[in-house]
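In: Generate a structure from the sequence data that follows.
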Amino acid sequence: MSATTEPRPATTPADPGDRGGRHAFLVATGIFASRMAGLVRQRVFAHYFGLSAAADVFSAAFRIPNFLQNVFGEGVLSASFIPAYARLIARDDEEEAGRLAGAIAALLALIVSVIVLLGVLGAPALTGILAGGFEGEKRALTVRLVRILFPGAGLLVLSAWCLGILNSHRRFLLSYMAPVIWNFAMIATLVVGGRKVGGSLDALAVWLAWGSVVGSALQFIVQLPSVLRLVPRLRFGLGIGSEHVGEVVRSFGPVFIGRGVSQISAFVDVVIASYLPTGAVTAISNAQTLYMLPISLFGMAVSAAELPAMSAVGGDEASVAAILRARVAAGLRRLAFFVIPSGVAFLAIGDVLATIVFRSGRFTADDARYVWAILAGSAVGLLAATSGRLYSSVLYARRDTRTPLRYAIVRVTLTIVLGYLFALHLPGWLGRSERWGASGLTASAGIAAWVEFALLRRAVQRRIGAVEVSRRNLVMLYLSAVVAGAVAWWEWRAVRVLPRFPSAVLTVAIYGAVYLGMTALLRVPEASAFVNRVARRRAR
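Out: Below is the predicted model of the structure:
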């Protein structure tokens, strides 16, 4: 009597067309709330600081310790911790899951404490390296702010640990809404500090730095009770000898290096921008605030929702590959539907977006146009940056952290070389003012993002096969976005009858309505799904 072994079918906790979209919606909802709070914060910041020297100092100082959050924070923990932890949760192994979560928390706390101490002590050297164009009082204030901000960045790393736990348990909303309280803390600090210090922008910058630290602590604290409920067997310890801790640590290394390499690019941007005329550092930061909105709302939402689900997929290789292809294809369609119009909006009506968010007080119409030019450069790589996150999630879910690292190095190297040429030399070659080098800096990052995207897509398709992408669908999306952009651009310049702010809001609303209407008429599936989802929610 012979026995045959049937291939074990692949299992996944969520259907790519149903729960995947619902989880992405929850992530997007939380991110939307936090990003809206962030936009309000940036508007209040622009009202008080404009594109002043103090604004440049705070923007540069904020980015220096922020590397701690970016290197150790959400991206690294998502790629290294969530896949291992999610598999333990899927097996209902609460004991080992609690031990793993506690070990990662202890290791993070230890490492981050040492780095915070070194950052505070080494603030003058870091400022000299990463903001070399700052001199005198400008440099001294940057050093002071860096020392204040470093502990807050450490607290945000612990907040990212909470996010990893919550995401693994499919509690997406709280983890992504938690930054709202951080933003509100900074807004309150600006309002109160603005009244207390009068016209001293340097003093207000110090107030704001302390407000950021307080907000970081609140962001961590607000998530902690839910984490403790979800992990009842949480055990703190270094976890030496644990197989699962070892797996996370091994995965952590390449991802950590990859994030570190990406941070080198961010630091090089600050260094280059510090040599551009006053206002460039803050204008780039303002443009990045707008650029990160679709990155976070759509790129991060889809990839964050997919990573735990893809990590938990089990079964034979062919079945797993089929499920992953379906999930990636569905994710790419959702991304394209929202990201393509975002990029076209940056190109067509970037000044309108800057007016809505930043135009107030010291921030003028010329400042809005300057941010628009920088934002237009950012639009070059928007679709590549968001889609690349999803492809990276596939590799992380399959425990491949080295491939994204290699391609991140390629992207960063290309960004640095092109950024140097486009920012510091291209304006002179074209006979333009050197301040426009800020646009070249963001455009160079976009070109590099497309190179990285192409490499990641090739690597993923080698592992799971070709992912079907409808070219017709892409053409319809671009056509709809371009028509909407042309209508909105003309309306803003030729028909404006309302005051500045409501007129800008109306222009954006017209852009969105035309885009949605055209995609619906052209029968783009995601447009119909979006309209139906909104209709169902209103019916409730």
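In: Run the chain-centre distance for the helix or strand G437 falls within.
Out: Using DSSP states H and E, G437 sits in helix 437-464. Distance of helix 437-464 from its chain centroid, counting by Cα atoms, centre = their mean, to the nearest Å, is 16 Å.
In: list the helices and strands it packs on?
Out: Counting contacts by 3 or more Cβ pairs under 8 Å, 6 or more residues apart in numbering; DSSP states H and E, helix 437-464 packs against helix 243-274, helix 280-294, helix 317-358, helix 365-379, helix 382-397, helix 402-424, helix 426-429. C-beta here means a position set from N, CA and C on the backbone, and glycine is covered the same way.
In: Report all helices and strands that the following helix or strand past the second one contacts.
Out: To tie it back to what came earlier, the one meant is helix 280-294. For helix 280-294, the following helix or strand on the C-terminal side (DSSP H and E) is helix 301-311. In terms of contacts (3+ Cβ pairs under 8 Å, 6+ apart), helix 301-311 is packed against helix 19-49, helix 74-90, helix 136-168, helix 172-177, helix 317-358, helix 382-397.
In: what do you get if the cut-off is 7 Å, keeping everything else the same?
Out: helix 19-49, helix 74-90, helix 136-168, helix 317-358, helix 382-397 (3 or more Cβ pairs under 7 Å, 6 or more residues apart in numbering; DSSP states H and E).
In: Can you check which of these gets nearest to V112?
Out: Among the helices and strands packed on helix 301-311, the nearest to V112 by Cβ to Cβ is helix 136-168 (4.6 Å).
In: rewinding a little: mean pLDDT lowest for which of the helices and strands packed on helix 437-464?
Out: Among these, helix 243-274 carries the lowest mean pLDDT, at a mean of 72.
In: Count the residues that sit near L118.
Out: Neighbour count for L118, taken as other Cβ atoms under 10 Å: 12.
In: which SS state does it fall under?
Out: helix (DSSP: H, G, I helix; E, B strand; the rest coil).
In: Can you read off the pLDDT for it?
Out: In this model, L118 carries a pLDDT of 92.
In: and the gap between it and V146?
Out: Using Cβ to Cβ, to the nearest Å, we find L118 at a distance of 12 Å from V146.
In: picking that back up, with distance to R500 and mean neighbour count as new columns, can the helices and strands packed on helix 437-464 be given to me in CSV?
Out: As requested, those are exported to CSV (distance: least, Cβ to Cβ, whole Å; neighbours: other Cβ atoms under 10 Å):
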stretch, distance to R500, mean neighbour count
helix 243-274, 28, 19
helix 280-294, 17, 25
helix 317-358, 6, 22
helix 365-379, 9, 22
helix 382-397, 26, 25
helix 402-424, 31, 20
helix 426-429, 29, 15
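In: Adding distance to V460, write these out as a markdown table.
Out: What follows is the helices and strands packed on helix 437-464, written out as a markdown table (distance: least, Cβ to Cβ, whole Å):
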| stretch | distance to V460 |
| --- | --- |
| helix 243-274 | 16 |
| helix 280-294 | 22 |
| helix 317-358 | 7 |
| helix 365-379 | 25 |
| helix 382-397 | 5 |
| helix 402-424 | 9 |
| helix 426-429 | 34 |
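In: M177 is nearest to which of the ones you listed?
Out: That would be helix 280-294 among the helices and strands packed on helix 437-464, by Cβ to Cβ, at 15.5 Å.
In: now the angle from that closest one to helix 382-397?
Out: Angle of helix 280-294 versus helix 382-397, following axes from the mean of the first three to the mean of the last three Cα atoms, to 10 degrees, is 60 degrees.
In: Counting by contacts, list what helix 280-294 packs against.
Out: helix 19-49, helix 53-72, helix 243-274, helix 317-358, helix 365-379, helix 437-464.
In: mind redoing it with 6 Å?
Out: helix 53-72, helix 243-274, helix 317-358, helix 365-379, helix 437-464 (3 or more Cβ pairs under 6 Å, 6 or more residues apart in numbering; DSSP states H and E).
In: now those in JSON lines, with distance to A385?
Out: Output for those, formatted as JSON lines (distance: least, Cβ to Cβ, whole Å):
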{"stretch": "helix 53-72", "distance to A385": "15"}
{"stretch": "helix 243-274", "distance to A385": "11"}
{"stretch": "helix 317-358", "distance to A385": "9"}
{"stretch": "helix 365-379", "distance to A385": "9"}
{"stretch": "helix 437-464", "distance to A385": "5"}
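In: out of these, which comes closest to D93?
Out: helix 243-274 (9.3 Å).
In: what bits of the protein have low per-residue confidence?
Out: In the predicted model of the chain, residues 1-25, 67, 70-79, 239-241, 255-267, 314, 534-540 satisfy pLDDT under 70.
In: Just give me the residue right at the centre of it.
Out: In the chain, the residue lying closest to the centroid (Cα atoms, centre = their mean) is S296, at 4.5 Å.
In: wait, what's in contact with the residue nearest to that residue when sequence neighbours are not counted?
Out: In this structure, S296 finds its nearest non-sequential neighbour in I31, 4.7 Å apart by Cβ to Cβ, 6 or more residues apart in numbering. By Cβ atoms under 6 Å, 6 or more residues apart in numbering, the residues touching I31 are 176, 296-297, 301.
In: how does it look with 8 Å?
Out: 176, 296-297, 300-301 (Cβ atoms under 8 Å, 6 or more residues apart in numbering).
In: which one among these gets closest to S392?
Out: M300 (11.5 Å).
In: so the closest one makes contact with G388?
Out: No - between M300 and G388 there is no contact under Cβ atoms under 8 Å: 11.8 Å.
In: could you measure the closest residue to A445 other than its chain neighbours against W489, distance?
Out: In this structure, A445 finds its nearest non-sequential neighbour in T415, 5.0 Å apart by Cβ to Cβ, 6+ apart. Taking Cβ to Cβ as the measure, T415 falls 29 Å from W489.
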